[in-house]
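K.L.:
requesting a structural model of the entry that follows:
(chains A, B, C and D)
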Number of protein chains: 2
Amino acid sequence: MTNKALQEERTRSYFIEATKEILKGEGSKALSVRNIAERAGYSYATLYNYFKDQTELVSLSVLEFKDECRDTVNKSFRKSDPGLEEIKGIVKAYISYFVQYPGVFDLFYIEKLASKSVNDEVINFLDTLCQEDWDYLMSIQHFTIEEVVGIRSILNKSVIGVLLSYLKRGTPSEYSAFVKEIDLLLENVLKK
Amino acid sequence: MTNKALQEERTRSYFIEATKEILKGEGSKALSVRNIAERAGYSYATLYNYFKDQTELVSLSVLEFKDECRDTVNKSFRKSDPGLEEIKGIVKAYISYFVQYPGVFDLFYIEKLASKSVNDEVINFLDTLCQEDWDYLMSIQHFTIEEVVGIRSILNKSVIGVLLSYLKRGTPSEYSAFVKEIDLLLENVLKK
DNA sequence: TCAATATTATTAACAGTGTTAATTTTATGC
DNA sequence: GCATAAAATTAACACTGTTAATAATATTGA
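P.N.:
Reported below is the predicted structural model:
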């Protein structure tokens, strides 16, 4: 019965939306089954009629955050020509997203995810956002394949590191210094 | 009475040792007040007669792990001449320590620490281990001050990133690939 | 040595967590 | 309207950190 399936999907979405709200707001530390259920308008045990456990709900949220992050990056940095400047813009917009939602950073890079496929999708996400630009830079022979492999690796890892330091250790303490650090980093990593 | 102070210090050390054992073994996820106390041979509430709360115990553990990590790095990489090769050795030994004790990585870079001073000590730790080498490289004019500032930043952040990816996301999945990635990274970051 | 005191360690309790089983409420088909 | 199927709920269990009140031990003074 398709009517039943529709209702079920609606109820599931209430739980997912509640989970996302808490993760974006108070963060994963404040997430709890009872907290989610209350916000969704159900009792805590009802959640288990629709989801295996809490981690499934978190994994589903991660996938939606991934889409949201991609949209944010695409909008905030209006696609100019492909190349180094676009990579810089993408990286900055990507970083801005996690500064706005630190709880989502935890999900992407720290918390244990239920599904291995979600895990892999997330860890390569930033790199895939820049795929076209790297292809372009190789096509015009600005970089060799070997250079691109090395630079991509450094870029991806140092972006994760700079975010972890800022969000979890408050280093640097000022946001302006953080922005400067990123500019310096991009300048040095992407130079020939 | 110095006898009393001695006994108190001994009891404190039992709790600290128990905490360190759990953190190195099962990790911070398995850490609990009752778990620590049981291993220390006391009841759970006794802990609060010697420490403000669990976070104080964790902060004290972090400081001891810091010393242990420094010793490990100094021993495993027998100090040759200062310079690029020594930096590579230090970084590799540093990374190895956290691969051996993933729970300690969590404490250093992820978990909220009670004391801000401990926080700052930890985040700059790798960089301070290489201090002499950077000074040397500038003294022989292998790098300029500006170059060193940029390279240090990239090195520190990308080491954190590469560790986070490997320990928390299992990327790369093979240890041999992980080692290769680090070699490539060091090669590219430290080149002129 | 024995009672009074000070110190140390313990149990009980509270509010919170994830999860499961049993139960109650609601909706459906005849 | 009634029996049945579905959905939502409460009760319970084993955990968590932390505090207050109690029990056990050690120390002191006479």
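
K.L.:
around the closest residue to A:Q54 other than its chain neighbours, how many other residues sit close by?
P.N.:
Spatial nearest neighbour of A:Q54, excluding adjacent residues (CB to CB, 6 or more residues apart in numbering or on different chains): A:V33 at 5.7 Å. In short, each C-beta sits where N, CA and C put it, glycine included. By the other CB atoms under 10 Å in any protein chain shown criterion, the neighbourhood of A:V33 contains 16 residues.

K.L.:
A:L47 now?
P.N.:
24.

K.L.:
helix, strand or coil: sort out it for me.
P.N.:
helix (DSSP: H, G, I helix; E, B strand; the rest coil).

K.L.:
how about the residues of chain A that lie near DNA strand C?
P.N.:
Counting by CB under 7 Å from any atom of the strand, chain A comes close to DNA strand C at A:1, A:31-35, A:44-45, A:48, A:53-55.

K.L.:
now secondary structure too, for those, in JSON lines please.
P.N.:
Shown next, in JSON lines, are these (three-state DSSP):
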{"residue": "A:M1", "secondary structure": "coil"}
{"residue": "A:L31", "secondary structure": "coil"}
{"residue": "A:S32", "secondary structure": "coil"}
{"residue": "A:V33", "secondary structure": "helix"}
{"residue": "A:R34", "secondary structure": "helix"}
{"residue": "A:N35", "secondary structure": "helix"}
{"residue": "A:Y44", "secondary structure": "helix"}
{"residue": "A:A45", "secondary structure": "helix"}
{"residue": "A:Y48", "secondary structure": "helix"}
{"residue": "A:D53", "secondary structure": "coil"}
{"residue": "A:Q54", "secondary structure": "helix"}
{"residue": "A:T55", "secondary structure": "helix"}
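
K.L.:
filter the residues you listed to the buried ones?
P.N.:
Applying 16 or more other CB atoms under 10 Å in any protein chain shown to the residues of chain A next to DNA strand C, the neighbour count classes A:31, A:33, A:54 as buried.

K.L.:
out of those, who's nearest DNA strand D?
P.N.:
A:V33 (9.6 Å; CB to the nearest atom of the strand).

K.L.:
so the closest one sits against A:Y50, correct?
P.N.:
No. A:V33 is beyond contact range of A:Y50, at 12.0 Å (criterion: CB atoms under 8 Å).

K.L.:
would you mind giving the buried ones among the residues of chain A next to DNA strand C as a markdown table with pLDDT added?
P.N.:
Shown next, in a markdown table, are these (pLDDT from 0 to 100):
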| residue | pLDDT |
| --- | --- |
| A:L31 | 97 |
| A:V33 | 98 |
| A:Q54 | 97 |
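
K.L.:
so how far is stretch A:95-108 off the chain centroid?
P.N.:
Distance, stretch centre to chain centre, for stretch A:95-108: 6 Å (CA atoms, centre = their mean, to the nearest Å).

K.L.:
pLDDT (mean, whole number) over it?
P.N.:
In this model, stretch A:95-108 carries a mean pLDDT of 97.

K.L.:
list the contacts of that stretch.
P.N.:
Stretch A:95-108 is touched from outside by A:23-28, A:58, A:61-62, A:65, A:69, A:72-73, A:76, A:113, A:122, A:125, A:159, A:162-164, A:166-167, A:175, A:182, with contacts defined as CB atoms under 8 Å, 6 or more residues apart in numbering or on different chains.

K.L.:
that older thread, any chance of the residues of chain A next to DNA strand C in CSV, with distance to A:V99 too?
P.N.:
Compiled in CSV, the residues of chain A next to DNA strand C are given as follows (distance: CB to CB, whole Å):
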residue, distance to A:V99
A:M1, 46
A:L31, 20
A:S32, 25
A:V33, 29
A:R34, 29
A:N35, 24
A:Y44, 32
A:A45, 36
A:Y48, 35
A:D53, 30
A:Q54, 26
A:T55, 26
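
K.L.:
from the residues you listed, which single one is nearest DNA strand D?
P.N.:
A:A45 (3.0 Å).

K.L.:
give the closest residue to the closest one in space, chain neighbours not counted.
P.N.:
A:A37 (8.0 Å).

K.L.:
got the phi and psi for that neighbour?
P.N.:
Here is the backbone geometry of A:A37 (degrees, to the nearest 10): phi -60, psi -40.

K.L.:
confirm for me that it is in contact with A:N49.
P.N.:
No. The criterion here is CB under 8 Å, and A:A37 misses it with A:N49 at 11.0 Å.

K.L.:
all helices for chain A, in order.
P.N.:
For chain A, applying DSSP state H gives helices covering A:2-25, A:33-40, A:47-50, A:54-76, A:84-100, A:102-109, A:116-123, A:125-129, A:131-139, A:145-169, A:175-190.
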